[in-house]
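S.K.: build me a structure from this.
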Amino acid sequence: MKIFYSILAFLTLNSFIMSDVFSDDLPVWQIQGHVAEGIQEASEMQKKVLWHNEKKYGLFSVDTLKPMEALAWMSIEQGNFTEAEYLCGRIINIRLSKVPPSEENNARLGTAYFLLGDAYLYQKQYLTAEINYDKSLKLAKDPEHKGDVFNRKGIVSQ
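M.R.: Here you go, the predicted structure:
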């Protein structure tokens, strides 16, 4: 049940933050107040879930993907780019090596490459960010995801 609430909090915060933050051009990790506190609380919960799943199933188990994906996004939101890079690398590794090819797996891989691109973008490592956005774009089927990737690629090329 905790996982359900964590995912619900993740989705709610994601839609709220993305609409609010990017419209004001405020760097994501400078969010303050109750939203930042909510992200911090959800992040701590995801860390516990991830730790539990790693202990129960192993570090590179498919069962670690959901909390890792949520935590990677939250790490970006908190400005913890090193942790986001590490988590996205693990996500990509697991999805490429242990998850059978499917539309859903491709979409999730695309999201992981997108988040990895964001981690590099916010660190001003533009070439590496663009490489990851290109990987994300190759996997994207959803027009909204493609639009987000093109938006970021536009930022990188400025």
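
S.K.: of all the residues in stretch 144-158, which ones are buried?
M.R.: 145, 148, 149, 152, 153, 156 (16 or more other CB atoms under 10 Å). Every residue, glycine included, has its C-beta placed from N, CA and C.

S.K.: element containing the second one, please.
M.R.: Secondary structure from DSSP states H and E places residue 148 in helix 143-156.

S.K.: now do that helix: which elements does it pack against?
M.R.: Packed against helix 143-156 by the contact rule (3 or more CB pairs under 8 Å, 6 or more residues apart in numbering; DSSP states H and E) you find helix 103-122, helix 126-139.

S.K.: per-residue confidence averaged over the first one?
M.R.: Averaging the model's pLDDT scores along helix 103-122 yields 96.

S.K.: for it, which positions count as buried?
M.R.: In helix 103-122, counting by 16+ other CB under 10 Å, buried: 105-106, 108-122.

S.K.: hey, C-alpha coordinates of that helix in CSV?
M.R.: Extracted C-alpha coordinates of helix 103-122, given in CSV (Å, rounded to 0.1, in the frame of the first residue of the first chain):
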residue,chain,number,x,y,z
GLU,A,103,6.4,-0.9,-26.0
GLU,A,104,6.2,-0.2,-22.2
ASN,A,105,9.9,-1.1,-21.6
ASN,A,106,10.9,1.2,-24.5
ALA,A,107,8.8,4.0,-23.1
ARG,A,108,10.4,3.6,-19.6
LEU,A,109,13.9,3.4,-21.2
GLY,A,110,13.1,6.6,-23.0
THR,A,111,12.1,8.2,-19.7
ALA,A,112,15.3,7.1,-18.0
TYR,A,113,17.4,8.5,-20.8
PHE,A,114,15.4,11.7,-20.6
LEU,A,115,16.0,12.0,-16.9
LEU,A,116,19.7,11.3,-17.4
GLY,A,117,19.7,14.1,-20.0
ASP,A,118,18.2,16.4,-17.5
ALA,A,119,20.8,15.5,-14.9
TYR,A,120,23.5,16.5,-17.4
LEU,A,121,21.7,19.5,-18.6
TYR,A,122,21.4,21.0,-15.1
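
S.K.: sweet, I'm off.
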